[in-house]
Structures are given as structure tokens and as C-alpha cells.
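K.L.:
Structure for this input, please:
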Amino acid sequence: MNKEKWNELFCENGEGFNPYDYDETGREPLWSKVSSRRDKLVRLLNGMNDSDPRRESYEAEHAELVKLYEEIKPF
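P.N.:
As a prediction, the model looks like this:
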């Protein structure tokens, strides 16, 4: 959708001013996805038994996500 059509639809037929650029992608940012997955793994690991065979792979994935998040975090 181009900006003119967006302004017609959402700014009362172009009479209003839209101060925000229309977001073409509408996708969740990567840092947010990484943070969500990291937090989910922490919850899984906290409730998981130490003898669970999936624990090692989850811990390895969590360590990778922590490193990645430190590189891309927005603040």
C-alpha cells in the first residue's frame, strides 16, 4: 500500500496529517524474537529435570541466544 492510499484510509480522506511512516513489513524485530525465545528457554530449563536428554541442547541454544541478544539489543 502506498502512502497516498494509506493517508486516504487512515487520515480522513487525506484531510489529516499522518506523522508516522507506514510500516511496510509489520514484522516483529529480531531482538524481540531472540528475547522471547531466550525467555522461553529459561522457563523450560527451570522446570526441567537435570536428567532430561533435551537439557544439553536447550542450554547450548540458550547460550547462543544470550550472545546474539547482547550483539543486537537496541538499548
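K.L.:
who touches the helix or strand where Glu56 lies?
P.N.:
Element membership of Glu56, judged by DSSP states H and E, is helix 55-72. With contact meaning C-beta atoms under 8 Å, 6 or more residues apart in numbering, helix 55-72 is reached by 30-31, 34-35, 37-38, 41-42, 44-45, 48-49. Just so you know, the C-beta spots here come from the backbone N, C-alpha and C atoms, and that holds for glycine as well.
K.L.:
Please point out which parts of it sit buried.
P.N.:
Buried residues in helix 55-72, counting neighbours by 16 or more other C-beta atoms under 10 Å, are found at 58, 62, 65.
K.L.:
Ignoring the adjacent residues along the chain, who's closest to the last one?
P.N.:
Spatial nearest neighbour of Leu65, excluding adjacent residues (C-beta to C-beta, 6 or more residues apart in numbering): Arg38 at 4.3 Å.
K.L.:
Which other helices and strands does the helix or strand that contains the one you found contact?
P.N.:
Element membership for Arg38 (DSSP H and E) is helix 30-46. In this structure, helix 30-46 makes packing contacts with helix 55-72, judged by 3 or more C-beta pairs under 8 Å, 6 or more residues apart in numbering; DSSP states H and E.
K.L.:
low pLDDT regions in the chain?
P.N.:
Scanning the chain for pLDDT under 70 picks out 1-3, 5-26.
K.L.:
Go again with 90.
P.N.:
Where the chain drops to pLDDT under 90, the residues are 1-33, 73-75.
K.L.:
Show me what counts as buried in the helix holding Arg38.
P.N.:
Residues 34, 38, 41 are the ones in helix 30-46 that count as buried (16+ other C-beta under 10 Å).
K.L.:
Now do it against helix 55-72, angle only.
P.N.:
Angular relation of helix 30-46 and helix 55-72 on a 0 to 180 degree scale: 150 degrees, by axes from the mean of the first three to the mean of the last three C-alpha atoms, to 10 degrees.
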